[in-house]
Every structure is written in structure tokens, then in C-alpha cells.
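Enquirer: Quick one, fold the following:
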Amino acid sequence: MTTDPTDRHYDRAFVRTFFTSPTAVEGEDDSAKMLRRAARLRGMEAPDVWVPDNEDATAPSMREEGAENVADVVAEHGADFPGEIHPRVVWHRDRPSARRDGFEQMHTIADPDRGAVDHVDGFVVPEVGDVDDWKKADEAMTVVEAEHGLEPGSLSMSVIVESGEAELAMGDLRAEMGKPSNNLERLFLLVDGEVDYTKDMRAMTPTGELPEWPELRHNTSRGASAAGLVAVDGPYDDIRDVDGYRERMRENRARGMTGIWSLTPTQVEVANTAPLPPVEGSWLFDAGGREVELDREDGRFVYDGDAVDLDREDGEYVLEAEGTERHLDEDGLREAILDRASYVPSLDDVVDSMEEFEAAKAAGRGAIAMTREATLVVDGVAVDVSTDRMWDEATYQAARTPIALFQDVHEHRPDQHDALEDRYGPAVVERALAVGD
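Expert: The predicted structure is shown next:
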């Protein structure tokens, strides 16, 4: 008998940020100083999931001390930390000694006498292999819970997908979760680890840069969706490339993967805000194969670049783009501009549409047309455009996803309430919390 994948044992349906911190820094008077600094993060700089990292971020010689540091710091600061806390321990599918060390680290951190376990939500297990190895990690947690008198399944398990074996194992989860021989219902996050995955796949690029692995991100998102879990992308190492980080997240969200690894508090703040619906609606314009956001000027949306030229000659319009010249009347121009334009709705726009559909549904109507009008200005020529979109129940449910994200953030991150009200205004926040029930 398998578990219904929608019957999660944890509260969060969305995780935006997965932030790792070294557990022990060699040569410092206080080896736990990075943990203490992370534990004090608040608001948009605080992650949804904080990962005291006792694996890659901590030298092997410091990991025993690191596990003790995690227990001490979480015992002191865990009650006030606004996100979830999931320490990463060592593990390896091919090394029993690493699995033993991981078990001992979990045992140390979860010891009730140390005072941390009440604030630890689970553990992150790296370098897993096939599904039998996932069961070994689950069994290690089951033993830790039993030896410390904890409720079975009270510790979540998240895994980092860093091998072809682990990638294939995601396809087995639906059949394995809920069997009486395991506690895999404790699974929470599926996290991509592209660096070790690249090594495991023996992949090479001419520059030595990591491949982008869109297939892995898709498979992880699909595996999470099928098993009722949460997918998180791996680290983006170029911490100064904020635009690249945003673009990576935009691509991920189109795959259903909201969360991403964050390496710095700055990345945390970017990743916490990027998935939220925009404050203002905007129009995007295809400018010679490159999508650009139009400038808002006096209620109109303006394109003044060089990739698209528009002139009026002898009572008709001449549109030049991609080396092609088109002669158009007013209707043809309007259609050509609309073909190049698309609208990105604000949070207020989405709420308006959902409220209107909810009212129509309550009145017995199954579908309604939503109209949007705007004036786009291309090369100084103003074009009035109008779009109609049919809304039915399927459209409504798709539009509900960003609202569900917003509501999830508001419910689980009270420390971000002020930031959300500053961003959108109290009235919009109140309405966004009321729709979609």
C-alpha cells in the first residue's frame, strides 16, 4: 500500500531558499562563528531552510566538532530562527564508513540532552545512491529516533541528487513510500547537486564550466511532484552574477522548481523575493529575438530600442525587424505588435482576476473572458492593444500557484510580513490572503 503523495507530513508546500553554513571553521577562537552569524538572520535575508553543513562546507578534521557546534548553536538560537533547520551530515552510497559517520553526527545533534532537537526539523543526506541506499539513510534516522525516544518519523529527510543512481531512484519513490518496511514518508526535499553529479557522469565541457543539466532539474522537479515532495536546484557559484542567478530561477520556475541553493545572505534575499509576484504589471516585447521589458511612461509602455523600427509612410505603417520589412494598416499593425508583446501580471492583477472568476463561478458561470487593454509605444508610434483571455476552472487553478506561494510564505514566515506589506501594500496583501480558498 503506497502513500498518497499529496498527504505531506510537513507544513511547507514551497521552499524558496536552501542556505548552507560551515559548522566549524578551523583556526578561529570560535569555530562556530559562521553558524552563529547564520542563526541571527531575519526577514528576507533569512532562508526558508537553513542547512548547517557538516559535509562539503566543513573540513573532515573539523566535522566531529562541527556536529557538536550544531547542537550548541541550535539549542541557543533555534527557537528564534524563522525558517526550518535541516543540518547536512556526511553520507556516501559506496562507503560504509561515511554512512557510519553520518549516523553518529545525527545521533549527536538529535540528543535531547543537548537541547537542539526540538528545533531541528530534519537532516539532509548527500551522495545517496539507489533507492535501497535511501532506505539505509531512513533506517539510520529511525534508529536515532528510537534511541533518543523521539516520535518515529519526526525528523524529515532531504536528499541531494548527485549521481545517476539517485536520479533514477526518484522514479521509484511512489512505489516505495508508505511500505511498512520503511519510513520514507519522512522525505521532504529533493536537492540537485550538479557538481558531484557532473563528476559522477564523467561529463566534460571545453571551458571546464559545469554543464547546465536541464534534464536533471526537470527530472528532480518531476520526481518531487510525483512523490509529493519539494524540488530545489543546486548552488549557483558565481555569487556576483545576480542577473544570472535570477535567470536560473526564472528557468527553474517554468519547470515547477521554486527553490534554489543559496550561498550567501545576498543570494538568500534575491531568491526569497524573485518567485513572488511582481508589484506592478509589465509588458514584455520581442525585440529581434530578445525579450525586453517595456518602460512605463505616463501610463503607456514604451520601446525605444534599435532592433525594431516603426514608421508611418503614405497612410500605412512600415515595421522592420529581423531583416524583414512589412507594410501594414492599423489592424495589421495592432496584430503584429500583439504578436510580439506579452503581459506579466502583478499580484494585484492576479487577485483581481481570481476575485472576478470566483464571483462568476458563484453566480453559476463556468467560464468568463478577461480583457486587458494598454497603449504600447514603438519608435514613437502609439498602438492601442487589447487582449482577451478565457478563464475557466483550469485557468483559475493554474493562476492560483503564485497566490498559493504567497500565502505559504505569509503563513510560515511571520518575520517577512512587514516586508510583504511594504512591497505590495496592506490592502493587496489582505486580498491575496483571501482568494483561492
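
Enquirer: For residue 35, which non-adjacent residue is closest in space?
Expert: Excluding its sequence neighbours, the residue lying closest to residue 35 (CB to CB, 6 or more residues apart in numbering) is residue 73, at 4.4 Å. C-betas here are computed from N, CA, C, even on glycine.

Enquirer: Verify the contact between the one you found and residue 32 for me.
Expert: Yes. Using CB atoms under 8 Å, residue 73 is in contact with residue 32, at 5.4 Å.

Enquirer: show me what contacts residue 409?
Expert: Contacts for residue 409 were tallied using CB atoms under 8 Å, 6 or more residues apart in numbering; they are 14, 16, 276, 416, 420.

Enquirer: if I look at the residue lying closest to residue 170 once chain neighbours are set aside, how far off is residue 124?
Expert: Sequence neighbours aside, residue 223 is the residue nearest to residue 170 in space, at 3.1 Å (criterion: CB to CB, 6+ apart). In this view, residue 223 and residue 124 are 16 Å apart by CB to CB, to the nearest Å.

Enquirer: Please say which of the two ends up with more neighbours.
Expert: residue 124 (25 against 22; other CB atoms under 10 Å).

Enquirer: can you confirm that one is in a strand?
Expert: Yes. When DSSP: H, G, I helix; E, B strand; the rest coil is applied, residue 124 is found to be in a strand.

Enquirer: hang on, isn't it packed against residue 191?
Expert: Yes. Residue 124 lies in contact with residue 191 (CB under 8 Å); the separation is 7.1 Å.

Enquirer: what sits in contact with each of those two?
Expert: Among the neighbours of residue 124, those also in contact with residue 191 (CB under 8 Å, 6+ apart) are 158-160.

Enquirer: Scan this structure for its longest helix.
Expert: Ranked by residue count and defined by DSSP state H, the top helix of the chain is helix 393-412.

Enquirer: quick one: that helix to chain centroid distance?
Expert: 14 Å (CA atoms, centre = their mean, to the nearest Å).

Enquirer: quick one: average confidence on it?
Expert: For helix 393-412, the mean pLDDT works out to 94.

Enquirer: Can we start the residue count at 55 from this point?
Expert: Fine by me, first position is 55 from now on; the one you just mentioned is helix 447-466.

Enquirer: quick check, distance from the helix or strand that that helix is followed by to the centre of its chain.
Expert: Sequence-wise, the next helix or strand downstream of helix 447-466 (DSSP states H and E) is helix 471-478. Put simply, helix 471-478 sits 20 Å off its chain's centre (CA atoms, centre = their mean).

Enquirer: Helix 471-478 packs against which elements?
Expert: Contacts defined by 3 or more CB pairs under 8 Å, 6 or more residues apart in numbering; DSSP states H and E place helix 471-478 against helix 447-466, helix 480-488.

Enquirer: Residue 374 belongs to a strand?
Expert: Yes. Judged by three-state DSSP, residue 374 forms part of a strand.

Enquirer: my guess is it meets residue 360, correct?
Expert: No. In this structure residue 374 lies outside contact range of residue 360 using CB under 8 Å: 10.5 Å.

Enquirer: more neighbours, these two?
Expert: residue 374 (14 against 8).

Enquirer: Could you tell me the model confidence score at the more buried one?
Expert: Listed pLDDT for residue 374 reads 93.

Enquirer: wait, what's in contact with it?
Expert: 362-364, 380.

Enquirer: PyMOL command to pick out the buried ones of these?
Expert: The buried residues among the contacts of residue 374 can be selected in PyMOL (16 or more other CB atoms under 10 Å) with this line:
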select buried, resi 362+364
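
Enquirer: Need the contacts of residue 374 in JSON lines (columns: secondary structure).
Expert: Converted to JSON lines, these look like this (three-state DSSP):
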{"residue": "362", "secondary structure": "strand"}
{"residue": "363", "secondary structure": "strand"}
{"residue": "364", "secondary structure": "strand"}
{"residue": "380", "secondary structure": "strand"}
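
Enquirer: any chance of the contacts of residue 374 in a markdown table, plus pLDDT and distance to residue 115?
Expert: Listed next are those as a markdown table, based on pLDDT from 0 to 100; distance: CB to CB, whole Å:
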| residue | pLDDT | distance to residue 115 |
| --- | --- | --- |
| 362 | 94 | 60 |
| 363 | 93 | 64 |
| 364 | 93 | 66 |
| 380 | 93 | 69 |
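
Enquirer: Next, the residue nearest to residue 89: secondary structure please.
Expert: helix.

Enquirer: Which pLDDT value belongs to it?
Expert: Residue 127 carries a pLDDT value of 98.

Enquirer: residues in contact with it?
Expert: Counting by CB under 8 Å, 6+ apart, residue 127 touches 86, 89-90, 93, 106.

Enquirer: so what's residue 490 up against?
Expert: The contact partners of residue 490, by CB under 8 Å, 6+ apart, come to 408, 454, 457-458, 461.
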